[in-house]
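Novice: attaching a predicted model along with its sequence, questions to come.
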Amino acid sequence: MGDFDEARAWMVERQIVQRGVRDDFVIEAMRRVPREAFVPFDLREFAYDDTPLPIGGEQSISQPYIVAKMLAAAELQPGDRVLDIGTGSGYAAAIAAEIAGRVDSIERDASLAEGARERLQRLGYENVEVHVGDGTAGLAAHAPYNAIIAAAGGPRVPQALRVQLAVGGRLVMPVGSSPSRQRLVKIVRRDEHDYDEHAFADVRFVPLVGDDGWPAPGGVPHADSRPTPEPLASTPATPEPAALTPAAPEAAAPEPAALELALRDAAEPLPDIDSAEFAASFDRFAGRRVVLLGEASHGTSEFYRARAAITRRLVERHGFSMIAVEADWPDAAIIDRHVRDRPMPGERSRPFRRFPTWMWRNTDFMGFVAWLRSHNALHRDSETRFYGLDIYSLSESIDAVLRYLDSVDPAAARIARERYGCLSPWQKDPAVYGRAALSGGYAQCEEHVIAQLGDLLKSRLDYAREDGERFLDAAQNARLVAVAEHYYRAMYYGGPQSWNLRDTHMFDTLRHALDSRGPQARVVVWAHNSHIGDASATQMGRVQDEINLGQLCRAQFGDAAALIGFGTHSGTVAAASDWGGPMEVKTVRPSLDGSVEFSMHGTGLARFLLDLRPGVHDALRERLRAPLLERFIGVIYRPETERYSHYAEASLAEQFDAFVWFDRTSAVTALPVSADEKYHAAETFPFGV
Ligand code: SAH
């Protein structure tokens with residue numbers, strides 16, 4: 001249980017205290033209540049992630065931060081009588097019971113109520129009574145209440161609840177005109193007839209179903225009801241599919257015209273990528289130790305060509321001698337040997353043969369590798385080396401998992417494919433990993449999968465040792481093996497932990513590689529915007545507590561790191577529809593009104609560089625501090641649900657030191673993955689067909 005205590009302390013610090021909850025009663029209560037006892041056994045290891053989790057019956061336990069925020073707003077005091085509507089797992093009731101005198105908790109689903117009752121009893125909460133019934137009517141028999149909280153969202157605050165508030169009492173509940181999207185509303189009863197009322201946060205709760213709430217699913221639809229409420233309680237609202245998003249005139253959207261004008265003023269038009277001047281614009285970052293170059297998708301030619309041009313210049317003119325990319329370490333090691341003309345380890349050394357192959361097997365990257373090889377041939381005493389940051393070999397590991405599951409349990413394999421499609425943080429869907437963990441077959445495969453992945457890692461590390469590539473010393477090696485199981489479990493089940501572990505490992509690999517080359521060594525990093533743009537400036541960091549490579553680089557290297565993002569309005573992109581699916585050339589939808597891309601498109605410029613360093617365009621930076629939607633396309637692109645699956649809010653000015661814009665872009669040209677294993681000594685060896 002020690003693990004859980006530690007995780008709980010960390011959760012309270014990171015997700016509750018650091019995000020601004022100040023109520024000491026709530027903070028102390030959250031430190032005490034064992035959330036792991038309120039989630040299904042199979043999901044216990046996610047108990048302290050910042051996410052709701054499924055608890056059965058299409059319902060979910062609330063996200064800890066939202067519980068804390070609601071209870072803090074309800075200003076619970078020792079001795080209070082509290083009404084908790086929507087018992088669910090009983091977690092919120094337990095937190096309330098830690099603080100208040102007595103808690104009545106009411107749940108419409110009898111089996112959830114029964115489960116919560118037993119759980120609360122077992123944990124020794126004697127001051128909570130769980131009732132089965134419709135919470136929209138309150139509980140007149142036990143009223144008045146000093147505080148009423150509801151964990152489900154209704155179209156309005158039921159009149160019965162107002163009446164059951166004591167004078168001075170506080171009510172906090174989600175209210176919205178759609179069953180899946182609400183504002184948290186707080187009501188304070190000033191006296192017999194006078195109520196103060198204000199809304200303070202956007203949230204998504206499951207619907208409050210009852211006489212003075214929404215009709216039951218399958219019942220007579222309410223005039224205002226909209227399709228498919230999310231089956232997950234209490235997440236902060238994230239962008240929804242366009243069709244579900246009501247116009248929000250009250251939202252304080254920055255005036256687009258003014259932003260466009262400011263962007264146009266600040267934008268430095270760029271020449272064609274192939275012209276010599278293109279990369280010269282980036283000389284301002286040449287003095288940095290780490291230059292991180294992003295991309296807004298994993299399959300866009302312009303992003304590769306631009307990064308190649310900038311990297312060439314940094315290597316040729318400014319003494320950069322390391323290139324580290326978001327790729328599996330063993331694959332990158334083969335490229336490294338090729339560009340330094342070292343013997344290949346064996347006849348099987350054909351890199352990047354697993355999904356998503358086009359990410360590296362494309363003509364743009366092949367051209368860059370050919371250049372690097374010829375550059376190194378002329379500079380043998382100061383060779384530039386090529387590294388993969390993904391030391392646990394994400395693609396290879398996922399591939400191994402899928403192959404194994406395909407052979408033993410195709411149903412589990414289907415779940416895994418779906419889940420890997422949502423590995424990216426902006427494609428967050430806790431329901432998916434919930435389903436995965438809850439399905440027995442999937443859980444049964446876990447041990448084998450993890451053992452297999454552990455073996456795979458060990459053989460990789462042995463191989464690296466033989467290879468004489470000493471940037472990992474024995475202690476680092478041992479540490480990798482020791483934490484591998486945790487990493488693979490997180491990866492197998494998904495969730496925010498797997499993202500954080502992955503980016504932390506990428507950062508560690510980068511640091512070890514830099515250390516191995518001495519204090520003067522400087523590196524160019526290629527990774528997706530979501531890895532290199534400071535996560536603390538995005539919804540992923542602010543709401544989901546995700547950290548990333550760019551943020552860790554800033555923390556470690558300060559001004560010696562440059563974070564450069566890339567973006568586009570429309571065109572084509574190489575991507576798949578599902579994990580492991582075939583590459584397709586897809587049309588990139590024009591960027592959404594209200595996104596930062598839409599404003600950049602509004603400048604009318606085809607290509608530009610935006611310098612976001614402090615002191616350069618401060619007025620624009622100020623504007624770009626406001627969170628705007630930003631598009632993220634990974635190896636999966638689902639234009640049908642684009643807004644929901646590919647947009648997240650971010651403050652561009654804090655996320656990046658510079659941003660590179662290509663208004664129209666085109667898909668990379670993929671190279672075939674040849675089946676033959678013949679050794680090709682040609683310049684194009686790693687990609688030889
Ligand atoms: N606070 C809970 C979250 C439960 S989710 C926890 O921490 O686990 C919301 C719950 O509200 C669901 O279990 C749902 O069944 C319940 N619910 C919805 N409408 C209700 C109503 N009118 N009365 C009582 N419970 C309701």
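Specialist: Received the coordinates, thanks. Quantities reported herein were computed from a predicted structural model and do not represent experimental measurements.

Novice: so where's the stretch 351-500 of the chain uncertain?
Specialist: 421-441, 463-474, 494-496 (pLDDT under 70).

Novice: apply 90 and report the result again.
Specialist: Filtered on pLDDT under 90, the stretch 351-500 of the chain yields the residue ranges 351, 353-355, 390-500.

Novice: quick one: the helices in the stretch 451-600 of the chain?
Specialist: Taking DSSP state H, counting those that start in this stretch as the test, the helices found in the stretch 451-600 of the chain are 474-493, 496-516, 529-532, 539-542, 549-557, 596-601.

Novice: now the ones you listed as TSV including distance to the ligand?
Specialist: Where you see a C-beta, it was placed from the backbone N, CA and C, and this is true even at glycine. Listed next are the helices of the stretch 451-600 of the chain as TSV, based on distance: least, CB to the nearest ligand atom, whole Å:
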stretch	distance to the ligand
helix 474-493	20
helix 496-516	19
helix 529-532	30
helix 539-542	22
helix 549-557	30
helix 596-601	34
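
Novice: pick the most buried one from those helices.
Specialist: helix 529-532 (a mean of 28; mean count of other CB atoms under 10 Å).

Novice: give me the helices and strands touching it, please.
Specialist: Secondary-structure packing of helix 529-532 (3 or more CB pairs under 8 Å, 6 or more residues apart in numbering; DSSP states H and E): helix 549-557, strand 561-575.

Novice: list the buried residues for stretch 377-394?
Specialist: E383, T384, R385, F386, Y387, G388, L389, D390, I391, Y392, S393, L394 (16 or more other CB atoms under 10 Å).

Novice: element containing L620, please.
Specialist: Counting by DSSP states H and E, the element that carries L620 is helix 618-623.

Novice: go on, A258?
Specialist: helix 256-266.

Novice: show me what counts as buried in that helix.
Specialist: L259, E260, A262, L263, R264, A266.

Novice: strands - which of the buried residues of stretch 377-394 land there?
Specialist: R385, F386, Y387, G388, L389, D390 (DSSP state E).

Novice: from the buried residues of stretch 377-394, which is closest to L457?
Specialist: Y392 (6.5 Å; CB to CB).

Novice: quick check: pLDDT value at A276.
Specialist: As predicted, A276 sits at a pLDDT of 90.

Novice: how close does it get to R313?
Specialist: Distance, A276 to R313, by CB to CB, to the nearest Å: 9 Å.

Novice: quick one: which of the two has more around it?
Specialist: R313 (20 against 9; other CB atoms under 10 Å).

Novice: so the more buried one is in which element?
Specialist: Going by DSSP H and E, R313 is part of helix 301-318.

Novice: contact partners for the residue with the largest distance to the centre of the chain?
Specialist: In the chain, counting by CA atoms, centre = their mean, E192 sits farthest out from the average C-alpha position, at 46.8 Å. Neighbour list for E192: V167 [criterion: CB atoms under 8 Å, 6 or more residues apart in numbering].

Novice: give the helix, strand or coil label for it.
Specialist: When classified by DSSP: H, G, I helix; E, B strand; the rest coil, E192 comes out as coil.

Novice: tell me how far it lies from G168.
Specialist: 12 Å.

Novice: likewise for Q556?
Specialist: On the measure of CB to CB, Q556 and G168 end up 50 Å apart.

Novice: S599 now?
Specialist: Taking CB to CB as the measure, S599 falls 47 Å from G168.

Novice: can you put the helices and strands packed on helix 529-532 in JSON lines and add distance to S498 and mean pLDDT?
Specialist: Shown next, in JSON lines, are the helices and strands packed on helix 529-532 (distance: least, CB to CB, whole Å; pLDDT from 0 to 100):
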{"stretch": "helix 549-557", "distance to S498": "15", "mean pLDDT": "96"}
{"stretch": "strand 561-575", "distance to S498": "21", "mean pLDDT": "98"}
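
Novice: now the ones you listed in JSON lines, with distance to A73?
Specialist: Converted to JSON lines, those look like this (distance: least, CB to CB, whole Å):
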{"stretch": "helix 549-557", "distance to A73": "30"}
{"stretch": "strand 561-575", "distance to A73": "36"}
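
Novice: now do the end-to-end distance for stretch 12-24.
Specialist: Using CA to CA, to the nearest Å, one end of stretch 12-24 lies 11 Å from the other.

Novice: wait, I meant stretch 198-216
Specialist: 28 Å.

Novice: need phi/psi at E129.
Specialist: phi -120, psi 130 (degrees, to the nearest 10).

Novice: with adjacent residues omitted, what lies nearest to it?
Specialist: Excluding its sequence neighbours, the residue lying closest to E129 (CB to CB, 6 or more residues apart in numbering) is D104, at 5.5 Å.

Novice: tell me the spacing between the residue farthest from the centre of the chain and F285.
Specialist: From E192 to F285 the distance is 66 Å (CB to CB).

Novice: now do the contacts for the closest residue to L405 other than its chain neighbours.
Specialist: Excluding the flanking residues, the one nearest L405 by CB to CB, 6+ apart is A413, at 3.7 Å. Neighbouring residues of A413 by CB under 8 Å, 6+ apart: L402, L405, D406.
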